[in-house]
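Novice: 3D model of this:
(one chain, ligands or ions: 1)
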Amino acid sequence: MANTFEKTFSLGGDYTINRLGYGAMRITGQGIWGPPKDKAECIRVLKRAVELGVNFIDTADSYGPNVSEELIAEALAPYPADLIIGTKGGLLRTGPNEWPVDASPEHLSEVLEGSLKRLKLDRIDLYQLHRIDPKVPAEKSFEFLQKAQQQGKIKHIGLSEVSVADIKKAQQFFEVVSVQNMYSVDNRKWEAELQYTKEHHIAFIPWFPLGGGNVQGEQILQRVADRHQATIHQVALSWLLHHSPNILLIPGTSSVEHLEENMKTADIALTAADMQELEALNVAK
Ligand SMILES: NC(=O)c1ccc[n+]([C@@H]2O[C@H](COP(=O)([O-])OP(=O)(O)OC[C@H]3O[C@@H](n4cnc5c(N)ncnc54)[C@H](OP(=O)(O)O)[C@@H]3O)[C@@H](O)[C@H]2O)c1
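Specialist: Numbering: from 1, shown residues only. Got it, this is the predicted structure:
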């Protein structure tokens, strides 16, 4: 028998999010640095995503840097009323594939102002701390976010790559509405964090849901995919939709074709036997 899954999730209690969203890190150059090879296609991807029902887009000032946020504004502003753009701050860029952490209040202040300008927004609906900075007491970063929320610059606050202990600490400063950790059918290191967020109605937003395009365990995925006339990428995404109702998907792509394929995941209903078979991929990396 086919399993059913919730199509939407209520973020922060006031935004109804289509669980199939879009991650906008890939609309940049190689090494997530500079402009994309095909800007026109990236603009088409953003517009098509919204046409297909995406109302949650994930980005960060560090993607490009700035490029992803600028393209989102160019393609979509003025935004549809129900579109939620989640951006992030807390990483510096020093070159292609280089991401030093800086979650000092000074840096966060600078990048939050930059994101507001680039995204052409008066308030960020979801602002996520990209990383807790080992050089900065987490409390300092949390206090900055709390203050920015009180000032009305941020509506909701999320975290990225955090443990349950980190989430609990942040909850002393503000309501945590989302947690964005690396997670996929074949990488379940953060299972305890997923369960904690599920119990507390916090969105869990797995990054690298397709392993960056190289999903592992191809044979098992292919067997399941064949039964549904689907692709291995769709099955990898579908498993996430079925696994927990608080998971929001943000697969990244710079291609309309891949976007359309990923959005069709909503039509796949995995069976209990499919889910059981996919358990063979359960490893914590
Ligand atoms: N919080 C964090 O620290 C963090 C870190 C990394 C990423 N993120 C966020 O998470 C999002 C998703 O992660 P990700 O983009 O790194 O990895 P991903 O979604 O696992 O994979 C994206 C890669 O897969 C390819 N792809 C997408 N759909 C495909 C399909 N249907 N068939 C074949 N290949 C496909 C894309 O290539 P094409 O462009 O050719 O389609 C792209 O290179 C990012 O966009 C970003 O918003 C957050």
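Novice: quick check: residues of the stretch 101-250 of the chain near the ligand?
Specialist: Within reach of the ligand by C-beta under 6 Å from any ligand atom, the stretch 101-250 of the chain has these residues: 130, 160-161, 180, 207-213, 233, 250. Yep, even glycine has a C-beta here, placed from its N, CA and C like the rest.
Novice: partner residues bridging the closest residue to the ligand within the stretch 151-285 of the chain?
Specialist: Nearest residue of the stretch 151-285 of the chain to the ligand: G252, at 2.3 Å (C-beta to the nearest ligand atom). Note on G252: beta-bridge partners by DSSP bridges are G23.
Novice: if we can go back for a sec, pull the most distant pair out of the residues of the stretch 101-250 of the chain next to the ligand.
Specialist: Farthest pair in those (C-beta to C-beta) is H130 and H233. Separation: 25.4 Å.
Novice: nearest spatial neighbour of E143, chain-adjacent residues omitted?
Specialist: Leaving aside its sequence neighbours, E143 sits nearest to F173 (C-beta to C-beta, 6 or more residues apart in numbering; 6.6 Å).
Novice: quick one: H201 and A280, what's the gap?
Specialist: Separation of H201 from A280 (C-beta to C-beta, to the nearest Å): 30 Å.
Novice: my error: substitute S68 in the last question.
Specialist: Distance of S68 to A280, given as C-beta to C-beta: 35 Å.
Novice: go on, L116?
Specialist: Counting by C-beta to C-beta - L116 and A280 are separated by 46 Å.
Novice: helices or strands up against the helix or strand bottoming out on mean pLDDT in the chain?
Specialist: Sorting the helices and strands of the chain by mean pLDDT, DSSP states H and E puts helix 218-227 at the bottom, at a mean of 94. If you count contacts as 3 or more C-beta pairs under 8 Å, 6 or more residues apart in numbering; DSSP states H and E, helix 218-227 packs onto helix 232-243, helix 272-278.
Novice: any weak-confidence spans in the stretch 151-285 of the chain?
Specialist: By pLDDT under 70, the low-scoring segments of the stretch 151-285 of the chain are 284-285.
Novice: ok so, going back, neighbour count winner among H130 and H233?
Specialist: H130 (25 against 21; other C-beta atoms under 10 Å).
Novice: which residues sit in contact with the more buried one?
Specialist: For H130, the contact set (C-beta atoms under 8 Å, 6 or more residues apart in numbering) comprises 60, 62, 88-91, 101, 103, 160.
Novice: same check, this time on P134
Specialist: Applying C-beta under 8 Å, 6+ apart, the residues contacting P134 are V101.
Novice: state the distance from it to S141.
Specialist: 11 Å.
Novice: check A40 too.
Specialist: Applying C-beta to C-beta to A40 and S141 gives a distance of 38 Å.
Novice: which one's more surrounded, the two?
Specialist: The neighbour count for A40 versus S141, taken as other C-beta under 10 Å, is higher for S141 (25 against 8).
Novice: mind listing residues that contact the biggest helix by length in the chain?
Specialist: Ordering each helix of the chain by length in residues (DSSP state H) puts helix 105-119 first. The contact list for helix 105-119 (C-beta under 8 Å, 6+ apart) reads 61, 66, 69-70, 72-73, 77, 85, 87, 89-90, 92, 121-124, 127, 129, 140-141, 143-145, 148, 153-154.
Novice: try 6 Å
Specialist: Contacts to helix 105-119, defined as C-beta atoms under 6 Å, 6 or more residues apart in numbering, come from residues 61, 66, 69-70, 73, 87, 89, 140, 144.
Novice: ranges for the helices of the stretch 51-200 of the chain?
Specialist: 67-76, 105-119, 138-150, 164-170, 191-199 (DSSP state H, counting those that start in this stretch).
Novice: returning to that earlier point: nearest to R26 among the contacts of helix 105-119?
Specialist: In terms of C-beta to C-beta, no member of those lies closer to R26 than E69, at 13.9 Å.
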